[in-house]
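Chemist: sequence first, predicted coordinates after that:
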Amino acid sequence: MTPADWSAPAAPGPLDATVVLPGSKSLTNRYLVLAALASGVSRLRRPLRSRDTELMAAALRSLGAGVEDATSSGHHADAAPDWIITPSALRGGRPIDCGLAGTVMRFLPPVAALCREPVAFDGDAQARVRPMAAILDALRGLGVEIEDEGRGTLPFEVRGTGTVTGGTVVMDASASSQYISALLLAGPRFEDGVTVVHDGKPVPSEPHITMTVETLRDAGADVDDSEANTWRVEPGELLPLDVTVEPDLSNAAPFLAAALVSGGTVRVPGWPQHTTQAGDRIRDVLDTMGADVHLSAEALAVTGDGTVSGLDVDLHDAAELTPVVAALAACADSPSIIRGVGHIRGHETDRITALATELAALGAEVTEREDGLRIDPRPLHGAPFATYADHRMVMAGALLALRAPGTVVADPGTVAKTLPTFVPLWERMLSGTA
Ligand SMILES: O=C(O)C1=C[C@@H](OP(=O)(O)O)[C@@H](O)[C@H](O)C1
Ligand SMILES: C=C(OP(=O)(O)O)C(=O)O
């Protein structure tokens, strides 16, 4: 155990906790991009402050936008400051650090293409193996010069000329919905707008594309998504935004799941009644796994009795929930199959192999499938739990530790990618002080 490791707590008995979650990563980073491309000053209320969103803000600043802190609109003591975004002429010439953020490495190359100076992109070691070729080729198809020395991954340089003609591009987005979102977000600023046609196996994480379309419409863009696998964004002005960011529902998942494993009730206030967040799917998953799930105007409340039922589930549309659902499945009293998530081998790490390895280390019987996992629960025991620089592996490890006392989660700080306060929120929930 190194000082950075975390002896995650075992279940203390039935929970009774209310956990206030910070804003959605996916919404925050979309709003930031749209605000930087808009025609006036925007305000983001209760944005997520985490590594991925701070990297997005820093990147937009280096492209010329102002992104500044303002008084918080949140009621909670540790609510994040608001962000004020002041667009200005896009300029390049300064490098962009993507960290391990898919949203930064995919959403910003089309924006960099609008700059007159070249923009160099790089990121963490694990970011350099995340798939990028389809988005780079799509931009090339729209006339943008990109130098990647044939890698099809980070690092690369976008050599913009100040304008992008745009038009129609056919791409295979089966490796990530973010390729499509990326082209659509910058599309209003292309001279002819953009039409994106997907040709390939089904696009994963589709709610994220719907989220892109809805946030574009919030900013006044004209988007046609009426035909399957085709999206059209007309050229035009993007209006400034004044928006409150919903809590991050995927980050809420491990806390709600804890109610099922430990028994008791966990509430997440401010759960939206209607949302485009893929994480909303956790309600249905928890219900199938035996929870009592109740959505009111105030909060989502999940109640469990300490038993978990296995399930057979296709998470193609909500792939980022896989680590938490797999951890829950290892705590169940019957087998589970998770299907439709082959592309998460290209997420922060190869999540299918990482989960198979680490769940097995705690005692579960796990079979890796090409598109997911089969999990046969066995009595769990504590062991070191490696996290592979993956925030959601930290969350999965914490959940498993409830049933496997003595589990030591490596590198819990990596959770700062989307939820820097995860460990104190988790410990407060378990100690009965949340
Ligand atoms: O656009 C977004 O904000 C995201 C899209 C999804 O990516 P994939 O389509 O690569 O799964 C999701 O898993 C990721 O966490 C966030
Ligand atoms: C896949 C994820 O992130 P990214 O935005 O880096 O793709 C995730 O958060 O689970």
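Modeler: Happy to help now that I have it. Numbers count the residues shown, from 1 in each chain. Ligands and ions are numbered 1, 2, ... in the order given.
Chemist: when you work out contacts or count neighbours from here on, use the C-alpha atoms and nothing else.
Modeler: Fine.
Chemist: so for the one residue in the stretch 301-434 of the chain that gets nearest to ligand 1, what's the nearest residue that isn't a sequence neighbour?
Modeler: In the stretch 301-434 of the chain, the residue that lies nearest ligand 1 is Glu320 (4.5 Å; C-alpha to the nearest ligand atom). In space, and not counting its chain neighbours, Glu320 is closest to Ser250: 7.2 Å by C-alpha to C-alpha, 6 or more residues apart in numbering.
Chemist: just checking, the one you found touches Trp271?
Modeler: No: here Ser250 does not reach Trp271: they are 11.5 Å apart, not a contact under C-alpha atoms under 8 Å.
Chemist: what sits against Ala410?
Modeler: Contact analysis of Ala410 by C-alpha atoms under 8 Å, 6 or more residues apart in numbering lists 4-6, 384-387, 394.
Chemist: show me which residues of the stretch 51-200 of the chain are close to ligand 1?
Modeler: 103, 176-178 (C-alpha under 6 Å from any ligand atom).
Chemist: for those residues, which one is nearest ligand 2?
Modeler: Thr103 (4.8 Å).
Chemist: any idea how far Val33 is from the closest one?
Modeler: 10 Å (C-alpha to C-alpha, to the nearest Å).
Chemist: the more surrounded of these two?
Modeler: Val33 (24 against 21; other C-alpha atoms under 10 Å).
Chemist: shaky segments in the stretch 51-200 of the chain?
Modeler: Counting by pLDDT under 70, the ranges of the stretch 51-200 of the chain that qualify are 77-78.
Chemist: where exactly do the helices run in the stretch 51-200 of the chain?
Modeler: 51-62, 102-112, 133-141, 178-186 (DSSP state H, counting those that start in this stretch).
Chemist: and of those helices, who's closest to ligand 2?
Modeler: Judged by C-alpha to the nearest ligand atom, the one of those that comes nearest to ligand 2 is helix 102-112, at 3.5 Å.
Chemist: from the contact counts, what lies against that closest one?
Modeler: helix 25-36, helix 51-62, helix 133-141, strand 156-159, helix 178-186 (3 or more C-alpha pairs under 8 Å, 6 or more residues apart in numbering; DSSP states H and E).
Chemist: let me see the residues that make contact with the helix or strand just after the first one.
Modeler: This means helix 25-36. Next in sequence after helix 25-36, counting helices and strands by DSSP states H and E, comes strand 42-45. The contact list for strand 42-45, computed with C-alpha under 8 Å, 6+ apart, reads 28, 31-32, 35, 72-74, 81-86, 240-245.
Chemist: hmm, try it at 10 Å
Modeler: 23, 28, 31-32, 34-36, 67-74, 79-87, 239-246 (C-alpha atoms under 10 Å, 6 or more residues apart in numbering).
Chemist: also stretch 66-75?
Modeler: For stretch 66-75, using C-alpha under 10 Å, 6+ apart, the contacting residues are 22, 32, 35-36, 41-47, 54, 56-61, 78-88, 244.
Chemist: where do the helices of the stretch 201-350 of the chain begin and end?
Modeler: Using DSSP H, counting those that start in this stretch, helices in the stretch 201-350 of the chain cover 206-218, 249-262, 282-288, 322-330.
Chemist: returning to that earlier point: for the helices and strands packed on helix 102-112, give me a markdown table that also has distance to Glu365.
Modeler: Formatted as a markdown table, the helices and strands packed on helix 102-112 follow (distance: least, C-alpha to C-alpha, whole Å):
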| stretch | distance to Glu365 |
| --- | --- |
| helix 25-36 | 33 |
| helix 51-62 | 33 |
| helix 133-141 | 35 |
| strand 156-159 | 41 |
| helix 178-186 | 33 |
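Chemist: which one of the ones you listed lies nearest to Pro235?
Modeler: Between Pro235 and the helices and strands packed on helix 102-112, the shortest gap by C-alpha to C-alpha is with helix 178-186, which sits at 9.5 Å.
Chemist: next one: that closest one, is it in contact with ligand 2?
Modeler: No: counting by C-alpha under 6 Å from any ligand atom, ligand 2 is not contacted by helix 178-186; separation bottoms out at 7.6 Å.
Chemist: how about stretch 394-405?
Modeler: No: judged by C-alpha under 6 Å from any ligand atom, stretch 394-405 and ligand 2 are separated, with a smallest distance of 11.0 Å.
Chemist: how many neighbours does Pro204 have?
Modeler: The burial count for Pro204: 24, using other C-alpha under 10 Å.
Chemist: any idea how far ligand 1 is from it?
Modeler: The gap separating Pro204 from ligand 1 is 5 Å, by C-alpha to the nearest ligand atom, to the nearest Å.
Chemist: may I see the buried residues of stretch 375-391?
Modeler: For stretch 375-391, a neighbour-count test (16 or more other C-alpha atoms under 10 Å) marks 375-378, 380-391 as buried.
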